[in-house]
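S.K.: One predicted model, sequence on top.
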Amino acid sequence: MTEAAQPNFEGGGTTMMTGLDGFGSTFLLEKRDTTIADHINFQLAQYNTNSTDSAITAFINNHTANNSDLIDRSNQNQVEHVLEWSPNKRYCRLNTLLGKGAFKVVHKAMDLEEGYEVAWNVLHIGHDNNKDVGHEIEILKSVRHPNIIAFHDAWLSENRTEFIFVTELMTSGTLREYIRKLSLPNPKIVKKWSRQILKGLAYLHGHNPPIIHRDIKCDNIFINGAHGEIKIGDLGTAENMWLGDKKYTLIGTPEFMAPEMYEEEGYNEKVDLYAFGMCLMEMTTGEYPYAECTNTAQIYKKVCQHIKPDSLAKIQNLQVLEVIHSCLSTNENERLSAQELLECSFLAVEPDVVILENDPSHTIVTLQVVFKGSDKLSVKFEFNTQEDTPQEVVAEMIEEQVLPERYQQWITSEIHRILRDIEKQDTQENTQAVWRRENDIRSELEKSKVELANLVERVIEFENKCDQLKQHAIVTEEKELQALNELEKAIKVYYYQQNEDTIMVLSDEEDAVLHLNKVLSKDYSDDTSIDVFVNDVAKATNRSCTKASEWIQKLEGQDIMTVGDLRELLDEDWSSIGLTVFAIRALKNMLRSVDNA
Ligand SMILES: Nc1ncnc2c1ncn2[C@@H]1O[C@H](COP(=O)(O)OP(=O)(O)OP(=O)(O)O)[C@@H](O)[C@H]1O
């Protein structure tokens, strides 16, 4: 450990700051100061004075006017505008402040080439100690990983008192701020965040020699809240560790520093896992580690005595505890590596259980367990929903060593979930079938109602027609009666004319009827000779005497001598007399008219 890097824990001297961030950052500042000079020329080479300022101004003004995203959310009334440009004119700083750390001030900026929003970091520097800042840039430039904040560009300010570097912008600030916002994130979120941090660390540690971050803490981990994307930032403290070598620089934040960082024996990339263990504790409990300590000296003492933070006692999840214990292990060799931790039971990605086939009756379901992590297994099996149980099937596959035992509970619960989904789908299908039937019946009913309404209309129409026809019939009947009456009158007039034996011109019908009645009122008694009667009939029907004699002869030939004999004749007797049909009708009519009169 160098003289300059020796911390003065007891006194809290000039290179030490009490408080959360001050300790490590103080050392960091001194080291950063040593790198600046080495890199000034390199950074100045990036200046591009030929850029067209007016075009950039137009772009920005246009962007500012049209993009509501440029409104500062921390101050809704403040419209964003450009304050300055990068030397090469690719980046422009806006008036929106993203945050301030112990050494850095971070503003929102625009990448005019890509159209992205970026973070414009301003680091205030001294002039005589600038080595580490250049180193930070070198590391940042070589690092490209989805869980590490991307570095874009860096340069020195004109007065050479500020070092400016442009990085990827993280929309939701630091993980620490975010945890406070969420109060206590649930284990699922903690797992997701942890996996991303560990992926970033595994990437850094996977370099040859490994890159050690040395200041992993929730303040240096950033989040894009919209996608729950986590990235490690502030690689200013990162160092390459030459194989076989160990680092001796005292750097970091006391609460997150592994015991070996305080000692002179050196340390390796496992210090980042120690710090990750502290982060996991903070993510789970929401408490800053060693919050019970009032100064860094107390923290130092506790760490050296291997006393863990009080908040550890609050964690009950055994899987989380297992990870933390591994990370906080005093012996760095006992700490699992980032890659190993990614495969432990709490952090491993559970396999997916998916349906491959499902017969229509949902009896035989073909399922597949797909492992995403290092296992990269895929197990396909058939499940009989009538006979099998998830517990039995999974236990059997574990026994046959088809599935790893550590996923037993997960796969069993996933199969249960799938069965519930199938059942739900079944119920939905049944309900839909009932709905369809109900709808069919309802539409049939509607159709029948319409048909019935049409029929009722037609019945009413028919009824009306019937009424009309009835009326018509009554009228017709009346007309018929009238016609019959008129016919009768006409017959009477005819008979009257015949009996009078004169051609009468009837002035009116009433007179004719009177005359006929006179003839008809002539009474023929039963003993009236057939001669008299037949001669009257012949006269009434305008027949000659010869015809009358003919009729009389035929009647007398049948022994019919009087009107009385004639009246006694039956219908069949009439036809046997040998008279013409006309003669019979005439005789009968006269008899009937007389009798009716
Ligand atoms: N890439 C970024 N995107 C969005 N906001 C950022 C970014 N980098 C930093 N910030 C904001 O700026 C603040 C200060 O940044 P940072 O903590 O890195 O500064 P620092 O001086 O290095 O801090 P420390 O005191 O931890 O050393 C952060 O708390 C965060 O809110």
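M.R.: Happy to help now that I have it.
S.K.: Which residue is the nearest non-sequential neighbour of the residue of the stretch 401-550 of the chain found nearest the ligand?
M.R.: For the stretch 401-550 of the chain and the ligand, the shortest gap (CB to the nearest ligand atom) falls at residue 410, measuring 35.7 Å. No exception for glycine: its C-beta is placed from N, CA and C like everyone else's. Counting by CB to CB, 6 or more residues apart in numbering, residue 410 lies nearest to residue 350, which is 4.7 Å off, once chain neighbours are set aside.
S.K.: could you measure the one you found against the ligand, distance?
M.R.: From residue 350 over to the ligand the distance is 32 Å, taken as CB to the nearest ligand atom, to the nearest Å.
S.K.: and that residue, what element?
M.R.: Of the helices and strands defined by DSSP states H and E, none includes residue 350.
S.K.: now swap in residue 448 and tell me
M.R.: Residue-wise, residue 448 maps onto helix 408-500 under DSSP H and E.
S.K.: what does residue 196 give?
M.R.: helix 187-205.
S.K.: Past that helix, which element shows up next along the chain?
M.R.: On the C-terminal side of helix 187-205, the closest following helix or strand by DSSP H and E is strand 211-212.
S.K.: Partner strands of that next one and their direction?
M.R.: Applying DSSP bridges, strand 211-212 is found paired with strand 239-240 (antiparallel).
S.K.: contacting residues for residue 184?
M.R.: Shown in contact with residue 184 (CB atoms under 8 Å, 6 or more residues apart in numbering): 284, 285, 286.
S.K.: how about the nearest residue to the second one, chain neighbours excluded?
M.R.: Read it as residue 285. residue 311 (4.4 Å).
S.K.: What residues does this protein have near the ligand?
M.R.: With CB under 6 Å from any ligand atom as the criterion, the chain comes near the ligand at residues 21, 25, 98-104, 106, 119, 149, 167-170, 173-174, 219, 222, 233-234.
S.K.: Among those, which lie within strands?
M.R.: Judged by DSSP state E, those include 98, 99, 100, 104, 106, 119, 167, 168, 222 as members of strands.
S.K.: And the residue nearest to residue 285, how far from the ligand?
M.R.: Using CB to the nearest ligand atom, residue 311 is found at 20 Å from the ligand.
S.K.: Please apply the same query to residue 182.
M.R.: If you measure residue 182 against the ligand using CB to the nearest ligand atom, the figure is 16 Å.
S.K.: Help me confirm that the residue nearest to residue 285 comes into contact with residue 287.
M.R.: Yes: under the criterion of CB atoms under 8 Å, residue 311 makes contact with residue 287 at 4.2 Å.
S.K.: shaky segments in the stretch 351-500 of the chain?
M.R.: By pLDDT under 70, the weakly predicted segments of the stretch 351-500 of the chain are 373-376, 495-496, 498-500.
S.K.: The same query, at a cut-off of 80, please.
M.R.: Counting by pLDDT under 80, the stretch 351-500 of the chain contains low-confidence ranges at 372-377, 406, 426, 429, 488, 491-500.
S.K.: returning to what we had before: packing partners for the helix holding residue 196?
M.R.: strand 211-212, strand 221-224, strand 229-232, helix 270-285, helix 318-327, helix 338-342 (3 or more CB pairs under 8 Å, 6 or more residues apart in numbering; DSSP states H and E).
S.K.: Can you list the neighbours in contact with that helix?
M.R.: Contact with helix 187-205 is made by 143, 145-148, 175, 182, 185, 210-213, 216, 221, 223, 228-232, 238, 269, 272-273, 276, 279-280, 283-284, 317, 320, 323, 337-339, 341-342, 346-347, 349, as judged by CB under 8 Å, 6+ apart.
S.K.: Please apply the same query to stretch 264-275.
M.R.: Here stretch 264-275 makes contact (CB under 8 Å, 6+ apart) with 1, 201, 204-205, 210-217, 241, 245-248, 252, 256-258, 260-261, 326-328, 332-333, 335-338, 341.
S.K.: Show me which of those residues are buried.
M.R.: Neighbour counting with 16 or more other CB atoms under 10 Å marks 201, 204-205, 210-217, 241, 247, 252, 256-258, 260-261, 326-328, 332, 335-338, 341 as buried within the contacts of stretch 264-275.
S.K.: for the contacts of residue 184, which one is nearest the ligand?
M.R.: residue 286 (17.6 Å).
S.K.: Count the residues that sit near the closest one.
M.R.: When counting by other CB atoms under 10 Å, one arrives at 15 neighbours for residue 286.
S.K.: now residue 405
M.R.: The burial count for residue 405: 11, using other CB under 10 Å.
S.K.: what's the closest non-adjacent residue to it?
M.R.: Distances taken as CB to CB, 6+ apart place residue 398 nearest to residue 405, at 5.1 Å, with adjacent residues excluded.
S.K.: Wasn't the one you found part of a helix?
M.R.: Yes: using DSSP: H, G, I helix; E, B strand; the rest coil, the assignment for residue 398 is a helix.
S.K.: Could you pull up the contacting residues of it?
M.R.: Residues in contact with residue 398 (CB under 8 Å, 6+ apart) are 404, 405, 408.
S.K.: what does residue 463 give?
M.R.: Contacts of residue 463 by CB under 8 Å, 6+ apart: none found.
S.K.: How about residue 574?
M.R.: 584, 588.
S.K.: mind checking how far it is from residue 547?
M.R.: Remark: distance between residue 574 and residue 547 (CB to CB, to the nearest Å) = 17 Å.
S.K.: same check, this time on residue 442
M.R.: Per CB to CB, residue 442 is found 87 Å from residue 547.
S.K.: residue ranges with poor pLDDT in the stretch 101-250 of the chain?
M.R.: In the stretch 101-250 of the chain, residues with pLDDT under 80: 125-142, 160, 182-185, 235-250.
S.K.: Just the closest residue of it to the ligand, please.
M.R.: Taking CB to the nearest ligand atom, the ligand has its nearest neighbour within the stretch 101-250 of the chain at residue 101, 2.1 Å off.
S.K.: Okay, buried residues for the helix holding residue 196 please.
M.R.: Those would be 190-191, 193-205, for helix 187-205 by 16+ other CB under 10 Å.
S.K.: start to end distance for stretch 262-274?
M.R.: 13 Å (CA to CA, to the nearest Å).
S.K.: can you pull the buried residues of that stretch?
M.R.: 262, 267, 268, 269, 270, 271, 272, 273, 274.
S.K.: Same check on stretch 169-181?
M.R.: Under 16+ other CB under 10 Å, the buried positions of stretch 169-181 are 169, 170, 172, 173, 174, 175, 176, 178, 179.
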